[in-house]
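Engineer: No letters, just coordinates:
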């Protein structure tokens, strides 16, 4: 675990500095985790994106009529479940189809759903729009524009809206970037995942390094500091050396915002089958290297997994969600939270993508919405949600008044949570492996 294990350190003084820093504290941080009841098996790791978890709910109450926002600002997420090809680690609802008529049917259903929610949130201003997937930028520009026009014709959109669109490198041509900018998108997030050819091939991604270099130049040109790239660590085809090279590449490209995700293995993906050798010890070490390296370059880690080096690159929609504000989920498999009501649309990662899309379209045509799971939270559950989601922000939040106090106290003793007066937040060591801690606090 020494610097010498990275065989090509010549000229990589930033990596050497990060390794030296991590080696001073790694063992003590690992000991902190080993002394807790946390589940450190990487095969069980998952991203905690909402509370309560849909997988743990046993009772669904009410119907979509209960979804009425009294908020003055709201975020909207729209899911586009279409990809040119499936990556080996991805567990989101998606299909590889490029059937234009099938995609058009889906877009028409999305527009109906926008109209349904327009009535529900007519007094709210849309401050955040997020096009996720799947790969939104993989479909025809006219269809993307059709959805954007529907949003602006049906809803009150803030002049300073944060409007993000995701894409993979193959879909983010200069022409597409120019179109998105002209259509009102002002923030781009691109799933690059790695700059190593071997890792990219194993992930089933066909981007080349020269293409990525041209893409990043175009992102700087069209979106200045308002773009993000997603990176993954812990993939079975990667190792510490590929991580170090990825970090050095990020530095050289002056990326304004980086989401650095650890691979999630709780879902039955192709990557999971080849990941039995991955250990918690190594994942923790790599996370600490990422954290030290990027912070030495003056990146801030104020939101879980997200590192930014200027305020323009900030992901305001995530901060909006993690502070327990209302947001609408549109499209198959998406979920929303409005005025104490948590809901999820038809669509399941265990289903074939086409089956999920068809089921979603059928429900939209029947009800104008596709909600098939809905739960009204009690005051106690709303308080828990505030705490669980609030811990995803590197800020203090008010000490909880719920039955999770024993778990909170245990993590305080373990120094994974810190307390100041009547406020708590995850310690720096706890923030490194946040989702594992949230899973423990949620009790599943």
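Structural biologist: Perfect, thanks for sending it. Nothing here was measured: the structure is a model prediction, and the numbers come from that model.
Engineer: What is the helix or strand bottoming out on mean pLDDT in the chain packed up against?
Structural biologist: The weakest-scoring helix or strand in the chain, judged by mean pLDDT, DSSP states H and E, is helix 270-273 (a mean of 73). Here helix 270-273 touches no other helix or strand, going by 3 or more C-beta pairs under 8 Å, 6 or more residues apart in numbering; DSSP states H and E. C-beta: built from backbone N, CA, C; applies to glycine.
Engineer: need the next SSE after that helix, C-terminal direction.
Structural biologist: Going down the chain from helix 270-273, the next helix or strand is helix 280-296, by DSSP states H and E.
Engineer: Output the below-cut-off pLDDT ranges for the stretch 51-200 of the chain.
Structural biologist: Scanning the stretch 51-200 of the chain for pLDDT under 70 picks out 57-62, 88-91, 93-94.
Engineer: again, 80 this time
Structural biologist: Applying pLDDT under 80 to the stretch 51-200 of the chain flags residues 55-66, 70, 85-97.
Engineer: circling back: please identify the buried residues of the least confident helix or strand of the chain?
Structural biologist: By neighbour count on 16 or more other C-beta atoms under 10 Å, the buried set for helix 270-273 is 270, 271, 272.
Engineer: and what of stretch 324-343?
Structural biologist: Going by neighbour count (16+ other C-beta under 10 Å), the buried part of stretch 324-343 is 324-338, 340-343.
Engineer: Show the average pLDDT along that stretch.
Structural biologist: For stretch 324-343, the mean pLDDT works out to 94.
Engineer: What is the end-to-end distance of that stretch?
Structural biologist: End-to-end distance of stretch 324-343 (C-alpha to C-alpha, to the nearest Å): 14 Å.
Engineer: Kindly report the same for stretch 358-375.
Structural biologist: 24 Å.
Engineer: Need the contact partners of that stretch.
Structural biologist: The contact list for stretch 358-375 (C-beta atoms under 8 Å, 6 or more residues apart in numbering) reads 52, 54, 57, 59-64, 66-67, 105-106, 109, 112-113, 115-117, 331-333, 341-347, 351.
Engineer: ok so, going back, with the buried residues of helix 270-273 in mind, which one is nearest to residue 247?
Structural biologist: Comparing the buried residues of helix 270-273 against residue 247 with C-beta to C-beta places residue 271 closest, at 21.1 Å.
Engineer: So the closest one sits against residue 238, correct?
Structural biologist: No: the pair residue 271 and residue 238 does not pass the contact test of C-beta atoms under 8 Å, sitting 10.7 Å apart.
Engineer: what's the overlap in contacts for these two?
Structural biologist: Listed contacts common to residue 271 and residue 238 are nil; contacts here mean C-beta under 8 Å, 6+ apart.
Engineer: Pull out the buried residues from the host helix or strand of residue 358.
Structural biologist: Using DSSP H and E, residue 358 falls within helix 353-367. Using 16+ other C-beta under 10 Å as the test for burial, helix 353-367 gives 353, 356, 357, 358, 359, 360, 361, 363, 364.
Engineer: Relative to residue 347, how far out is the last one?
Structural biologist: Same thing as residue 364. From residue 364 over to residue 347 the distance is 12 Å, taken as C-beta to C-beta, to the nearest Å.
Engineer: residues contacting residue 17?
Structural biologist: Counting by C-beta under 8 Å, 6+ apart, residue 17 makes contact with 292, 296.
Engineer: For the helix or strand where it lies, what is the distance to the chain centroid?
Structural biologist: Residue 17 is located in helix 13-34, with elements delineated by DSSP H and E. Offset of helix 13-34 from its chain centre (C-alpha atoms, centre = their mean, to the nearest Å): 26 Å.
Engineer: which element follows it toward the C-terminus?
Structural biologist: From helix 13-34 onward toward the C-terminus, using DSSP H and E, the following helix or strand is strand 73-80.
Engineer: Show me what counts as buried in that next one.
Structural biologist: Neighbour-count burial for strand 73-80, counted by 16+ other C-beta under 10 Å, picks out 74, 75, 76, 77, 78, 79, 80.
Engineer: Turn those residues into CSV, including distance to residue 428.
Structural biologist: Below are the buried residues of strand 73-80 laid out as CSV (distance: C-beta to C-beta, whole Å):
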residue, distance to residue 428
74, 32
75, 28
76, 33
77, 30
78, 35
79, 33
80, 36
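Engineer: Let me know the closest of the residues you listed to residue 201.
Structural biologist: Residue 201 lies nearest to residue 80 out of those, by C-beta to C-beta, at 25.4 Å.
Engineer: residue ranges of the helices in the stretch 301-444 of the chain, please?
Structural biologist: Remark: helices assigned in the stretch 301-444 of the chain by DSSP state H, counting those that start in this stretch are 316-322, 353-367, 379-390, 405-413, 428-432, 434-442.
Engineer: Pretty sure residue 330 sits against residue 110.
Structural biologist: Yes: the pair residue 330 / residue 110 is scored as a contact, 6.0 Å apart, by C-beta under 8 Å.
Engineer: list residues touching both of the two?
Structural biologist: Common neighbours of residue 330 and residue 110 are listed as residue 78 (criterion: C-beta under 8 Å, 6+ apart).
Engineer: so where's the stretch 251-400 of the chain shaky on pLDDT?
Structural biologist: 264-273, 311, 313, 348-353.
Engineer: at 50 what do you get?
Structural biologist: For the stretch 251-400 of the chain, not a single residue meets the criterion pLDDT under 50.
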